[in-house]
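A.B. asks: Got a predicted model here, sequence first, then my questions.
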Amino acid sequence: MSGTKDMNLTLKIWRQKDQKSSGKMVDYKVNGISPDSSFLEMMDVLNEGLISKGEEPVEFDHDCREGICGMCSLYINGEAHGPDRAVTTCQLHMRKFKDGETITIEPWRAKAFPVLKDLKVDRSSFDRIQQAGGFISVNTSGNTQDANATPISKDNADKAMDAATCIGCGACVATCKNASAMLFVGAKVAQYSLLPQGQVERKDRVLNMVKQMDLEGFGNCTNTGACEVECPKGISLENIAIMNREYLKASLTKEE
Ligand code: SF4
Ligand code: FES
């Protein structure tokens, strides 16, 4: 259903020139925002206004604007991806806010996600964790077995598919009081450990990904579960349990 009246809003936005500068919250007004527009479209309206006044636009990350790429990392009114559940910031609609409301917009806050500029953070720590183990070896000899010929139980196929929906947005880290990346890493480890294709590197994967996660400065999991609540893809805490089991088994059985 379409919204009704256009909205006038006050935005409190984190502005930071670069990684070395200290930032501060700055107030802005945006008027005439349709309740049917997305949060990022509202940010576009703000930036068009700033550019037309000769001011520097607010930098924020985005790409697909369809909930797929995981780029749109905004902390809105104290919640990763804002007040709606199971959506990314780009899928958040302005009808979730009220006319006249003040909205606070900050970047993800975590030591392993340094702020590059304004609302944009460096999430290359996630890339390095993926590079440490988030891949599989495939037989490309010409005798490759057809994937459909490999039996996988329905339960494992479903769990692996659910884990694979993680888009690497980092909301779990931003939400966690310890800035733990265990929901993300758990999803990546579980996805492969549950499938026959993931068996070749199974032990190295979990050991190397967890090692890299610790090197990047992410915190530990203390089972508060906030990550699962704020995850736009509904990644289950069960993935952390799978990762912990995988890690223990690999540590005890890996030959040096
Ligand atoms: S587990 Fe969820 S919140 Fe964390 S990176 Fe993946 S999709 Fe984002
Ligand atoms: S811009 Fe791609 S998930 Fe939001």
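C.D. replies: Received the coordinates, thanks. The shown structure was predicted, so the numbers you read here are calculated from the model rather than taken from an experiment. Numbering: from 1, shown residues only. Ligands and ions are numbered 1, 2, ... in the order given.

A.B. asks: For K29, see how far away the nearest residue to G82 once chain neighbours are set aside is.
C.D. replies: Take G82 and drop its neighbours on the chain: the residue closest to it by C-beta to C-beta, 6 or more residues apart in numbering is I76, 3.7 Å away. For every residue, glycine as well, the C-beta is placed using N, CA and C. Per C-beta to C-beta, to the nearest Å, I76 is found 17 Å from K29.

A.B. asks: what's the answer for A250, then?
C.D. replies: A250 is 55 Å from K29, by C-beta to C-beta.

A.B. asks: Enumerate every residue touching the residue nearest to G82.
C.D. replies: 39, 82-83, 89, 92, 103-105 (C-beta atoms under 8 Å, 6 or more residues apart in numbering).

A.B. asks: Show only the entries of these found in helices.
C.D. replies: Judged by DSSP state H, helices contain the following of those: F39.

A.B. asks: Tell me the most packed of the contacts of I76, by neighbour count.
C.D. replies: T89 (29 neighbours; other C-beta atoms under 10 Å).

A.B. asks: got the contact list for that residue?
C.D. replies: Going by C-beta under 8 Å, 6+ apart, the list of residues near T89 reads 39-40, 62, 72-74, 76, 81-82.

A.B. asks: coming back round to it: please say which of A250 and K29 ends up with more neighbours.
C.D. replies: Neighbours per residue (other C-beta under 10 Å) separate A250 from K29, with A250 holding more: 19 against 10.

A.B. asks: In a strand, the more buried one, correct?
C.D. replies: No - assessed with DSSP: H, G, I helix; E, B strand; the rest coil, A250 is helix; it does not lie in a strand.

A.B. asks: give the contact list for it.
C.D. replies: 202-204, 206-207.

A.B. asks: Quick check on those residues: which are buried?
C.D. replies: 202-203, 206-207 (16 or more other C-beta atoms under 10 Å).

A.B. asks: Give me the buried stretch members for stretch 38-46, please.
C.D. replies: Here stretch 38-46 shows 38-43, 45-46 as buried, counting by 16+ other C-beta under 10 Å.

A.B. asks: who does the one helix or strand L46 maps to touch, helix- and strand-wise?
C.D. replies: L46 belongs to helix 39-52 when assigned by DSSP states H and E. Under the contact criterion of 3 or more C-beta pairs under 8 Å, 6 or more residues apart in numbering; DSSP states H and E, helix 39-52 touches strand 24-33.
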